[in-house]
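> Whatever this is, show me its structure:
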Amino acid sequence: MYLVKTPVILSKLTSPSLIWNIPNNEKKIYLTFDDGPIPGLSMEILSILSDYNAHATFFLVGENVQRYPQLLQRITDDGHHIGNHSHKHISGWKTPTNEYLKDIQNADNVIKSFFFRPPYGRISYSQIKQLKKKYRIIMWSILSGDFDANISSEQCLFNALQSKEGDIVVFHDNIKSADKIKKVLPKYLETFTKEGYQFCTLPKDL
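Presented below is the predicted three-dimensional model:
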């Protein structure tokens, strides 16, 4: 069970340290990709983004970066930003705080970013308290559902098209999302580009 659009009340009730969107009046959308990098798909995503002059922030898993450091380099060379998505993609709800922080530090050793997104969006208040000293903790306002085997590419596109200016939108750079992302991402970018939107990296001055 997940929400495509994050209710405003939820973002207001959670810690102010969590960033759910970036309000603006400039038709800017903040596109993000979780879980990469992986061979093949990461390069296809970068190619699609380039076709539409779109930029994004990639929340990377430390283990994947260690395996494929050349992909991290390519992401940054193409003008995209990177963020920490933990080292082993672990849930904060199921992991003691000290162990969770150690895992994130392991990822930081290879990712080196002050943006952090908790895997599954699951993070405790004690973890937030510690992490906000170093990181900007990024959540989302639109979840495409590309990871969901029970929805079609058409439904995934419909979910993503609910974006508006200031939204932080989540897609995934992983194997189970690959078929949907390759179908949906070009249509999504084309739709909003025609409407005059820009796809931007997360601002470094958040």
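> C-alpha only now, for contacts and for neighbours.
Will do.
> Give me the buried positions along the top helix by length along the chain.
The single longest helix within the chain, with elements called by DSSP state H, is helix 178-194. Using 16 or more other Cα atoms under 10 Å as the test for burial, helix 178-194 gives 178, 180, 181, 184, 185, 186, 188, 189, 192, 193.
> the longest strand in this structure is where?
strand 28-34 (DSSP state E).
> what's the angle from that strand to helix 178-194?
Interaxial angle of strand 28-34 relative to helix 178-194 (axes from the mean of the first three to the mean of the last three Cα atoms, to 10 degrees): 170 degrees.
> hmm, back to that, counting contacts, what elements does the longest helix of the chain pack onto?
In terms of contacts (3 or more Cα pairs under 8 Å, 6 or more residues apart in numbering; DSSP states H and E), helix 178-194 is packed against helix 41-51, helix 153-160.
> can you list the residues that contact the first one?
Outside helix 41-51, the residues that touch it by Cα atoms under 8 Å, 6 or more residues apart in numbering are 36, 55, 71, 75, 78, 173, 174, 175, 178, 182, 185, 186.
> Can you identify the element that follows that helix toward the C-terminus?
Downstream of helix 41-51, the first helix or strand assigned by DSSP states H and E is strand 57-60.
> Then the shortest one?
In the C-terminal direction, the helix or strand that comes right after helix 153-160 (DSSP H and E) is strand 168-172.
> relative orientation of that following strand and helix 41-51 in degrees?
Using the same axes, to 10 degrees, strand 168-172 lies at 140 degrees relative to helix 41-51.
> Which neighbouring elements make contact with strand 168-172?
strand 28-34, strand 142-143.
> any chance of the ones you listed in CSV, with distance to residue 154 and mean neighbour count too?
As requested, the helices and strands packed on strand 168-172 are exported to CSV (distance: least, Cα to Cα, whole Å; neighbours: other Cα atoms under 10 Å):
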stretch, distance to residue 154, mean neighbour count
strand 28-34, 19, 24
strand 142-143, 14, 24
